[in-house]
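Enquirer: Got a predicted structure plus its sequence, pasted below:
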Amino acid sequence: MSVLRNHAADRESGVPVRPRSEPRFPGGPAADPAGSHHERRIRSFQPRRSRVTAGQEDALKRLWGTWGFDIDGRGPIDLDTLFGGLPVVLEIGFGMGEATARMAADDPTTGILAVDVHTPGQGNLLGLAERNGLSNIRVANGDAIILLREMLAPHSLDGLRVYFPDPWPKKRHHKRRLIQPEFLTLAARHLKPGAIVHCATDWEPYAEQMLEVLSAHPDFENTREDGGFAPRPGFRPLTRFEGQGLDKGHHVRDLLFRRRAGISPEAVA
């Protein structure tokens, strides 16, 4: 039975139907936190609909108010207050959060601001943070572009991580890829000089595009003297998704670029 027919059956039986704009869990992440007051645009992400387990639902209900927030674009957030003065790395797209939790545990002196729109992953990461006593993780729900543009102060981030973003393999969808010149200019405004942008993908054409775009951008320099890809650094855990790709013969590419001192005119505009 389709979702539409399910909803029709619910209406006929008198069961209340939750509007799409309302959160699935009261007090938890909003369905579309900034959609009502920010312009519609081409999104670089595709929300995934999958079942939330009882444990994930419990974590969302109990922990969201403490460790989570919606990217609503309504005002700035103070990272010093949010993370108790720790240096902060922004991670865009964390999946189910296992790698994020591992990195947070391995480096408790760095805060991780983890952004995603996948509700089961949000609940799973909150649960992992609680079980492992990880106080250096905050989970943000919504569009990372709005977070950067509307809610973060200039030069407030110590790093940026984008691991295995959607490759949008069809040529007509390439404009949806996150790593584009405009995105890097926006990110550069909020990265401190010397901050590292770390990307990883197992989609070779996207890896080549990332390398080309990052290498051409005036605000970033490759940490590799040969100007190529980097070996996987020890601080990035091997994820389940990555292991599956390696088993299929995929080549995972890491890119490590440094934010240059100074800022280009494009980043100021």
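Expert: Structure's in. What do you need?

Enquirer: Now the strand of greatest length in the chain: average pLDDT?
Expert: As assigned by DSSP state E, the longest strand anywhere in the chain is strand 191-201. Mean pLDDT, computed over strand 191-201, is 97.

Enquirer: what does stretch 142-153 give?
Expert: The pLDDT scores in stretch 142-153 average 96.

Enquirer: now do stretch 206-225
Expert: 98.

Enquirer: Any idea how far apart the tips of that stretch sit?
Expert: With Cα to Cα, to the nearest Å applied, stretch 206-225 spans 21 Å between its terminal residues.

Enquirer: What ranges does the stretch 51-200 of the chain have for its helices?
Expert: In the stretch 51-200 of the chain, the segments counted as helices under DSSP state H, counting those that start in this stretch are 54-67, 79-83, 98-106, 119-131, 144-146, 181-190.

Enquirer: Just want the angle from the fourth one to helix 54-67.
Expert: Okay, so that is helix 119-131. For helix 119-131 against helix 54-67, the angle by axes from the mean of the first three to the mean of the last three Cα atoms, to 10 degrees is 70 degrees.

Enquirer: just checking, what packs against helix 119-131?
Expert: When contacts are defined as 3 or more Cβ pairs under 8 Å, 6 or more residues apart in numbering; DSSP states H and E, helix 119-131 sits against helix 54-67, helix 98-106, strand 137-141. Quick note: C-beta positions are derived from backbone N, CA and C, even for glycine.

Enquirer: tally of neighbours for Pro237?
Expert: Residues lying near Pro237 (other Cβ atoms under 10 Å) number 17.

Enquirer: now Ala31, what's its secondary structure?
Expert: Under DSSP: H, G, I helix; E, B strand; the rest coil, the three-state class of Ala31 is coil.
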